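Asks: Dropping the sequence and predicted coords here.
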Amino acid sequence: MSQQLVAFDKIGITFNGRVLLNSIDMSISEGEIVTLIGPNGSGKSTLIRTLLGLQTATSGEVIRHKSLRIGYMPQKLHIDPTLPLTVKHFLALVRGVDKAKIVPTLEKVGIGHLLSSQVHVLSGGETQRVLLARALLNNPNLLVLDEPVQGVDVNGQVELYNLIEGIRNELGCGVLMVSHDLHLVMAKTDTVVCINQHVCCSGSPQHVTGHPAYQALFGVPGADESIAIYAHQHDHVHDEHGDVLSESEDANHKGATSAHANCHHS
Ligand SMILES: Nc1ncnc2c1ncn2[C@@H]1O[C@H](COP(=O)(O)OP(=O)(O)OP(=O)(O)O)[C@@H](O)[C@H]1O
């Protein structure tokens with residue numbers, strides 16, 4: 001059985017009385033691709049920051065296997081565009097990097113020819129590949145990718161997801177990806193965890209159906225049948241803080257607020 005790399009055990013985060021995450025349970029194992037989805041502000045990045053140790057949980061625990069080594073790919077590359085910096089020099093900044101690995105790693109992600117290019121002239125897709133290369137240079141057994149296809153056109157997204165799957169197959173690493181929707185990422189995902197402050201649902205893509213709950217969250221207009229759509233059963237109601245309401249609270253809440261579109265399904 002695959003080694004579990006990390007587990008979130010009832011992770012909760014509260015700021016000034018506002019619940020950002022509520023009792024999140026999930027895990028990622030070697031060789032597993034887990035996709036975290038949820039609407040804007042649902043806490044995806046906060047959960048990733050907690051995994052990276054940049055955010056302290058108010059309650060619960062992140063259980064890391066002693067072998068855990070994370071390669072993190074952020075949403076965006078923040079570099080002063082006036083700063084001359086080649087891809088090679090950018091990657092040489094990775095702490096403890098084996099410089100002999102830079103060229104083969106760039107080749108692995110399909111951009112060996114960009115070694116001497118300036119980072120600020122790269123296209124969106126090229127930039128994402130450089131960031132992926134940087135994550136790989138950390139020799140990870142868990143890749144953490146925060147919206148890896150951001151700023152990439154649809155064809156480029158398919159290519160990137162294929163690349164990520166190929167890397168998983170080659171290295172046997174776990175992958176935790178954040179995504180806003182699943183139209184393209186679905187076929188490359190073993191497990192989906194849908195959060196909206198708490199875990200709304202999780203499961204394998206095999207259970208995908210065109211459930212109205214998912215469609216209410218993300219919309220699926222025009223999705224053809226070859227595109228898999230993640231769906232979940234939702235038998236509870238959230239308040240505006242993401243907390244799950246009891247039946248009596250729900251009845252009161254319905255009177256007090258308009259429908260909370262994010263997670264109010266049956
Ligand atoms: N340090 C913090 N202090 C207070 N509030 C915070 C902090 N970090 C995040 N938040 C709030 O937590 C909520 C969740 O933010 P988060 O960035 O995790 O959402 P997300 O699901 O990644 O959203 P998006 O899809 O828009 O990237 C937001 O409302 C944000 O304003």
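Replies: Structure's in. What do you need?
Asks: Now do stretch 78-89, average pLDDT.
Replies: Mean pLDDT, computed over stretch 78-89, is 88.
Asks: Next: stretch 46-55.
Replies: On average, stretch 46-55 scores 95.
Asks: interface residues of the protein facing the ligand?
Replies: Taking Cβ under 6 Å from any ligand atom as the criterion, the chain approaches the ligand at residues Phe15, Leu20, Gly38, Asn40, Gly41, Ser42, Gly43, Lys44, Ser45, Thr46. Using the backbone N, CA and C atoms, a C-beta is placed for each residue, glycine as well.
Asks: Tell me where the model's unsure across this protein.
Replies: Within the chain, the stretches falling below the threshold (pLDDT under 70) are 1, 181-182, 206-266.
Asks: As a check, name the ranges of all strands in it.
Replies: Counting by DSSP state E, one finds strands in the chain at the ranges 4-15, 18-29, 33-37, 59-64, 70-73, 142-146, 174-179, 191-196, 198-203, 237-238, 244-245.
Asks: Mind giving me the packing neighbours of the second one?
Replies: Where contact means 3 or more Cβ pairs under 8 Å, 6 or more residues apart in numbering; DSSP states H and E, strand 18-29 is packed against strand 4-15, helix 44-51, strand 59-64, strand 174-179, strand 191-196, strand 198-203.
Asks: who wins for proximity to Val97 among the ones you listed?
Replies: Shortest distance between Val97 and the helices and strands packed on strand 18-29, using Cβ to Cβ, is found for strand 174-179: 21.0 Å.
Asks: Quick check, central residue of this structure?
Replies: Centroid check for the chain by Cα atoms, centre = their mean gives Val178 as the closest residue, at 1.6 Å.
Asks: Report the separation between Gly31 and the ligand.
Replies: Taking Cβ to the nearest ligand atom, to the nearest Å as the measure, Gly31 falls 25 Å from the ligand.
Asks: again with Asp80
Replies: Distance of Asp80 to the ligand, given as Cβ to the nearest ligand atom: 23 Å.
Asks: and the closest residue to the ligand within the stretch 151-266 of the chain, what does it touch?
Replies: Nearest to the ligand, among the residues of the stretch 151-266 of the chain, is His180, at 6.1 Å (Cβ to the nearest ligand atom). His180 makes contact with Ile37, Pro39, Asn40, Glu147, Phe218 under the criterion Cβ atoms under 8 Å, 6 or more residues apart in numbering.
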